[in-house]
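1. how does the following fold in three dimensions:
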Amino acid sequence: MPELIIVRHGQSQWNLENRFTGWIDIDLSPKGIEEAESAGEKLKGFTFDKAYTSALTRAQRTLDIILDKIGQKNIPVEKDKALNERMYGDLQGLNKDDTRKQYGDEQVKIWRRSYDIAPPGGESLKDTADRVLPYYHEKIEPDLKAGKKILISAHGNSLRALIMYLEKMTPAQILETEIPTGSPKYYNLDENLNVIEAKYI
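-> From the prediction side, this is the model:
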């Protein structure tokens, strides 16, 4: 039966500094490296046929660390910007606390937690889903339907878009869903790719 494991990259340097990161290519922090190593420890015993990741270093490095830990660095890996984090536009690089002082708590909350309202020059979660899901249907679904075991290392919002689809969540439900860094989530799927079981490992 097909199996899918998704993992949000370990803490990045800008996560640590409380800054909007988006598509800026920031590496893992020392804690993020530890989180990726921990994810690898949790995934020992799993065997993957293929892995997918974004075009950004923090997700790729998390995947590299995991595959190294589980001794599977030779599996095919596909990298694509379709799995990139949500693009935060004009907010990228700004400190989140400073942004709240500049624009107000309520406006920043709307940008971060509404489904279809984008920050200036950026993407909403809906926009992110509009690129993640076609990629999933085109590239990843065929692998799963072939019974393959797939690992995805990506980002909070690109994975939110995927979780919303897989778990049939409403926009309100997914916006309240936090995805911890470096914690693999396991999906056991039936032959039609409906979720039989979903749990953090």
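
2. any idea how far residue 5 lies from residue 164?
-> Distance, residue 5 to residue 164, by CB to CB, to the nearest Å: 17 Å. C-beta: built from backbone N, CA, C; applies to glycine.

3. what is the mean pLDDT for stretch 60-73?
-> Average pLDDT, stretch 60-73: 98.

4. in it, what counts as buried?
-> Buried residues in stretch 60-73, defined by neighbour count with 16 or more other CB atoms under 10 Å: 60-67, 69-70, 72.

5. and which of these is nearest residue 120?
-> Among the buried residues of stretch 60-73, residue 60 lies closest to residue 120 (CB to CB), at 28.1 Å.

6. can you tell me the closest non-neighbouring residue to the residue nearest in space to the middle of the chain?
-> Nearest residue to the geometric centre of the chain (CA atoms, centre = their mean): residue 155, 2.7 Å. Sequence neighbours aside, residue 85 is the residue nearest to residue 155 in space, at 3.6 Å (criterion: CB to CB, 6 or more residues apart in numbering).

7. check contacts around the one you found.
-> Residue 85 sits next to 21-23, 54, 56, 154-158 when contact means CB atoms under 8 Å, 6 or more residues apart in numbering.

8. tell me which entries of these lie within strands.
-> residue 154 (DSSP state E).

9. distance to residue 115 added to the contacts of residue 85, as CSV?
-> Shown next, in CSV, are the contacts of residue 85 (distance: CB to CB, whole Å):
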residue, distance to residue 115
21, 20
22, 17
23, 20
54, 21
56, 23
154, 19
155, 17
156, 15
157, 11
158, 15
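
10. just the contacts of residue 85 now: which is nearest residue 14?
-> When these are compared for distance to residue 14 (CB to CB), residue 21 wins out at 4.4 Å.

11. alright, calling it a day.
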